[in-house]
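Colleague: below are the sequence and a predicted model for it; my questions follow.
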Amino acid sequence: MSVLYQSTRDKSNQKTASQAILQGLAADGGLYVPVEFPSIDLDFERLKNSSYQEIATLILHAFFDDFSREEIEKMVDLAYGEKFDTKKIAPVKQVGNHFVLELFHGETIAFKDMALSILPHLMTASADKNAVSNEIVILTATSGDTGKAAMAGFADVPHTKIIVFYPKHGVSEIQERQMLTQKGKNVHVVGIEGNFDQAQTAVKTMFNDTDLHQKMLTAGKQFSSANSMNIGRLIPQVAYYVYAYAQLVSTGSIVSGQKINFSVPTGNFGNILAAYYAKKIGLPINRLICASNKNNVLTDFFKTGHYDKNREFYVTSSPSMDILVSSNLERLIFDLTNKSDEKTNHLLTALQTEGQYQITEEMREKLSDFVADWASEEQISKEIHQTFTDENYVLDPHTAVASHVYRQYTDKTPTIVVSTASPYKFPRVVVDALTESLSVDANDFELVKTLEKISRIPLPKAVKELEAAKGLHNTVVEVTQMQAEVERYLSLK
């Protein structure tokens, strides 16, 4: 039986996988989720010897079954090859008493590469499968990493354009430089005078604007999304949780069927939701540790059932987690309501109008898969310093959040800390933590050389090429001008 996808806001709005991927966000404002999860044989005595590509094919073909296995295999082979600096693609390493899943071996040295390497192939194949002749316009907001990885994936892909909005003063120097030097005739990068939540809200508004939608159709264009609101971005992330478990079985660190924990640095809730989906298809997971930074809205939600975005927004050393509206949480809420689109709609409308909602005690009882906590700026710095001192292993600030929060959770279950970025993406934070001093005068490109000397980790190719790269984008707008900028760039009348 085929796996269909329904909107969290209207269960009657059902699509095939390719239709849902193509659309990105449901027309009713909801997110697409599987009507039923596929049945997958996770035999780890067999899978322990499988390559990343083989496991990705297994997962993606099960969820996206309107593509043939041959089609999926071809897309997987194109996505997970020479762009990654290790044949393992997502290796697991032991660091002290726990393990680290390294998701930063792609060309933009962040975990977004894992899904955004394959999304362009899924998108163009979906357009072909549904006989769509419109130009696909990828419209996305980024808190730092999605933008670069999406642009790298979609650059010069025929019949597509990509527009990325990012908070001008809310990303690292390396992150910004990666975006502003991105080549591609179909690429447009826009800084905004605001934060990620404002950018994401404006993007969602554009997706749901019927007048703009009609203007796009008249011009032979249609929107789609590259962030984890798109099911085509989310499901590929399930694969690396299965692959990580297989690696632990392969090395004898655990036995097949033994439960493990994952500690995940969490902002928009997509990465940890993929782990939750992995558990739903049978991955032996004990607890999902939801790790936040000072913007700890998710910590409060999991501890109290109260989601409240009416709080101060902090710009932190882990900018990809500087988020107060975690979009993918809507998919979990839908699950907690026993797939009630009416109840989900009610809660998410309250978030939009009042900035908060409270789930019921019955819903809270279903959150036992999760534990949550957060790390302060001081704790992040200390975690980076201590891990290097004790284990000679360098963490980026996001991974340090997950590592610190894991240590607060005293469960003896084997645990994998999910590492979402290379330390070279945030050299100022990491060098300051390792040297216990502030690098006030140095720029990020001087600091990566310092980090290389301290850590003896070779400088990634992505960073080496960046310093000399030419800046190609310089547009900055107010949040209120985002739609006008989209219409200008696309020459909409």
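Modeller: Sure, I can see it. Residues are numbered from 1 along each chain as shown.
Colleague: give the buried residues for the strand or helix carrying E73.
Modeller: Per DSSP states H and E: E73 is located in helix 69-79. Within helix 69-79, the residues that count as buried by 16 or more other C-beta atoms under 10 Å are 71-73, 75-76, 79. Where you see a C-beta, it was placed from the backbone N, CA and C, and this is true even at glycine.
Colleague: same thing with stretch 464-471?
Modeller: Residues of stretch 464-471 classed as buried: L466 (neighbour count, 16+ other C-beta under 10 Å).
Colleague: ok now that stretch, how far from the chain's centre?
Modeller: Stretch 464-471 has its C-alpha centroid displaced from the chain centroid by 25 Å (C-alpha atoms, centre = their mean, to the nearest Å).
Colleague: what's the first-to-last distance across it?
Modeller: For stretch 464-471, the separation between the terminal residues is 15 Å (C-alpha to C-alpha, to the nearest Å).
Colleague: neighbouring contacts of it?
Modeller: 174, 177-178, 180-181, 445 (C-beta atoms under 8 Å, 6 or more residues apart in numbering).
Colleague: out of those, which two sit at the greatest distance?
Modeller: Pairwise distances among those were taken by C-beta to C-beta; the largest, 13.9 Å, belongs to L180 and F445.
Colleague: looking at those two, which one has more neighbours?
Modeller: Per other C-beta atoms under 10 Å, whichever of L180 and F445 has more neighbours is L180, with 18 against 15.
Colleague: mind checking what helix or strand follows the lengthiest helix in the chain in sequence?
Modeller: Counting by DSSP state H, the longest helix found in the chain is helix 231-250. Using DSSP H and E, the helix or strand that follows helix 231-250 in sequence is strand 260-265.
Colleague: in its sheet, what does that following strand sit against?
Modeller: Based on DSSP bridges, the pairing partners of strand 260-265 within the sheet are strand 285-292 (parallel), strand 415-419 (parallel).
Colleague: now the helix or strand that it is followed by - C-alpha only, PDB.
Modeller: Later in the chain than strand 260-265, the nearest helix or strand by DSSP H and E is helix 270-280. Extracted in PDB, the C-alpha atoms of helix 270-280 (Å, rounded to 0.1, in the frame of the first residue of the first chain):
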ATOM      1  CA  GLY A 270      13.400  19.000  12.400                       C
ATOM      2  CA  ASN A 271      16.600  17.000  13.400                       C
ATOM      3  CA  ILE A 272      15.200  15.500  16.600                       C
ATOM      4  CA  LEU A 273      11.800  14.900  14.900                       C
ATOM      5  CA  ALA A 274      13.700  12.800  12.300                       C
ATOM      6  CA  ALA A 275      15.000  10.700  15.300                       C
ATOM      7  CA  TYR A 276      11.400  10.400  16.600                       C
ATOM      8  CA  TYR A 277      10.300   9.200  13.200                       C
ATOM      9  CA  ALA A 278      13.200   6.700  13.200                       C
ATOM     10  CA  LYS A 279      11.800   5.300  16.500                       C
ATOM     11  CA  LYS A 280       8.300   5.100  15.000                       C
END
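Colleague: could you give the backbone dihedrals for E135?
Modeller: Per-residue torsions, E135: phi -70, psi 130 (degrees, to the nearest 10).
Colleague: could you say what helices and strands the strand or helix carrying D390 packs with?
Modeller: Element membership of D390 [criterion: DSSP H and E] is helix 377-391. Secondary-structure packing of helix 377-391 (3 or more C-beta pairs under 8 Å, 6 or more residues apart in numbering; DSSP states H and E): helix 397-408, helix 427-435.
Colleague: measure F334 to N271 for me?
Modeller: 18 Å (C-beta to C-beta, to the nearest Å).
Colleague: stretch 280-298: how far from the chain's middle?
Modeller: Counting by C-alpha atoms, centre = their mean, stretch 280-298 comes out at 14 Å from the chain centroid.
Colleague: what about S437, how many neighbours?
Modeller: S437 has 9 neighbours, counted by other C-beta under 10 Å.
Colleague: do V255 as well
Modeller: Counted with other C-beta under 10 Å, V255 comes out at 10.
Colleague: then N443?
Modeller: N443 has 12 nearby residues by other C-beta under 10 Å.
Colleague: heads up, I number from 55, so please use that
Modeller: That works, and once the first residue is 55, the last one we named lands at N497.
Colleague: quick check: it vs A332, distance?
Modeller: 40 Å.
Colleague: got it, and E541?
Modeller: Going from E541 to A332 by C-beta to C-beta gives 40 Å.
Colleague: repeat that for D376.
Modeller: D376 is 26 Å from A332, by C-beta to C-beta.
Colleague: okay, now the unreliable bits of the protein?
Modeller: In the predicted model, the chain carries pLDDT under 70 at residues 55.
Colleague: repeat that for 50
Modeller: Within the chain, no stretch has pLDDT under 50.
Colleague: and for it, the residue most distant from the center?
Modeller: K547 (33.7 Å; C-alpha atoms, centre = their mean).
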